[in-house]
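Chemist: Sequence and computational prediction follow.
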Amino acid sequence: MLSTHSEQPVSAPAPVPVKIIVAGGFGVGKTTLVGAVSEIPPLTTEAAMTTLGAGIDNPGEVTTKTTTTVAMDFGRITVDESLRLYIFGTPGQDRFGFMWNELTTGALGAIVLVDSRRIEDSFPALDFFENRDLPFVVAVNQFSGHLPHDLGDVRAALDVDPYVPVIATDARDRGAVKETLLVLLDVVLQRAMARAGAR
Amino acid sequence: MTGPVPGEHERQSVSRPFLAALHPTTDVTPEPATSDEPDAVRPYFVTQGRVHDDLSGFETVYSLTPGGAAGLDQLSFEHRDIAALCRQPQSVVEISALLKLPLGVTTVLTRDLATQGYLTASQPVADPASDPSLIMRLINAVHAL
Ligand SMILES: Nc1nc2c(ncn2[C@@H]2O[C@H](COP(=O)(O)OP(=O)(O)O)[C@@H](O)[C@H]2O)c(=O)[nH]1
Ligand SMILES: [Mg+2]
């Protein structure tokens, strides 16, 4: 243990982190969305993951060991000196599933970002959050300034529960992303109040 | 549950942490680096070959303690870089991104530094999703952006 001298001031406690996840297919605008509201330019961290794969010649026998690198983009919003919000953008592919447990543990909620031309890219994220019972909103990113599909069509195609908000957003626009976060936080708040009332 | 509890990651008790940090007592062969990761050798060496696959708490925020600030120059390079960065509170992911260290390695090193008293960790919020007043603070902060 590092020795501490009694005359030294006690350091201020580190701020408490809370997190929100932004999930969706490749190129849907996750990093752009994070950057629109973050007080720091989005940062990227990489985790090297070793995965064991089944052999091709002898199925069932573990023969291959592959190292995959998972990249996560994130940004930050300082709430006050004791609270920070981190926003993590993560690819929604199945093969990143092993990272999602760590990502979602303790998370407040998620934004599933959707490109209405490639709706199916968001399916793994939707399945995961539904199974995890993590509150989420579906945000359809307005590429090129207009919504090619009606939001009702997107909702029908995604088959999400009626209480899940399906909204339009623009990942490049700070105001639109703020609004998206607020819609999510409202869902999170409703749920927290219902829980507090049930206690 | 969002982070490690300092001290949770117990190493064998040593009376001279500075020396222990400088001269690892255990002789561990470092993990062989994968060829597409040139940076991997050194980080894995400084963690004494420990590869962290429990990445939980990667948003845990660490800050430098006054005692840590006084003892900075007694740390090895990697530890010192991390500790110095935490003069401003930083999360494990931020440290990883800014120092270009893999997340697992950063997780190991920050927990070591907290165990040794250089860094102090944020207290994890037990269940933020069930805390209406915390969520209201977030809503107000997002409104104010
Ligand atoms: N036209 C348009 N381009 C966008 C929009 N959102 C993101 N992009 C662009 O789409 C590309 C991919 O965005 P990025 O945020 O990196 O996607 P990610 O892979 O989900 O992180 C980038 O070149 C962005 O500038 C949008 O709403 N409209
Ligand atoms: Mg990205």
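Modeler: Okay, I see it. Ligands and ions are numbered 1, 2, ... in the order given.
Chemist: Could you use CA atoms for every contact and neighbour count after this?
Modeler: OK.
Chemist: Least confident secondary structure element in chain A?
Modeler: The weakest-scoring helix or strand in chain A, judged by mean pLDDT, DSSP states H and E, is strand A:43-54 (a mean of 66).
Chemist: where do the strands sit along chain A?
Modeler: For chain A, the strands defined by DSSP state E cover A:16-24, A:43-54, A:62-80, A:83-91, A:109-114, A:136-141, A:166-169.
Chemist: can you list the residues that contact the fourth one?
Modeler: When you say that, I think you mean strand A:83-91. For strand A:83-91, the surrounding residues in contact (Cα atoms under 8 Å, 6 or more residues apart in numbering or on different chains) are A:15-26, A:30-31, A:34, A:71-79, B:59, B:138.
Chemist: can you redo the strands of chain A as JSON lines with mean neighbour count?
Modeler: Shown next, in JSON lines, are the strands of chain A (neighbours: other Cα atoms under 10 Å in any protein chain shown):
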{"stretch": "strand A:16-24", "mean neighbour count": "26"}
{"stretch": "strand A:43-54", "mean neighbour count": "17"}
{"stretch": "strand A:62-80", "mean neighbour count": "17"}
{"stretch": "strand A:83-91", "mean neighbour count": "24"}
{"stretch": "strand A:109-114", "mean neighbour count": "27"}
{"stretch": "strand A:136-141", "mean neighbour count": "25"}
{"stretch": "strand A:166-169", "mean neighbour count": "22"}
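Chemist: and those strands, which one's lowest on average pLDDT?
Modeler: The stretch with the lowest mean pLDDT among these is strand A:43-54, at a mean of 66.
Chemist: Kindly tell me how buried A:D127 is, as a neighbour count.
Modeler: 12 (other Cα atoms under 10 Å in any protein chain shown).
Chemist: any idea how far it lies from ligand 1?
Modeler: Distance of A:D127 to ligand 1, computed by Cα to the nearest ligand atom, to the nearest Å: 18 Å.
Chemist: Count the residues that sit near B:D112.
Modeler: Residues near B:D112, counting by other Cα under 10 Å: 22.
Chemist: State the mean pLDDT of the helix or strand containing it.
Modeler: Assessed by DSSP states H and E, B:D112 sits inside helix B:103-115. For helix B:103-115, the mean per-residue pLDDT is 92.
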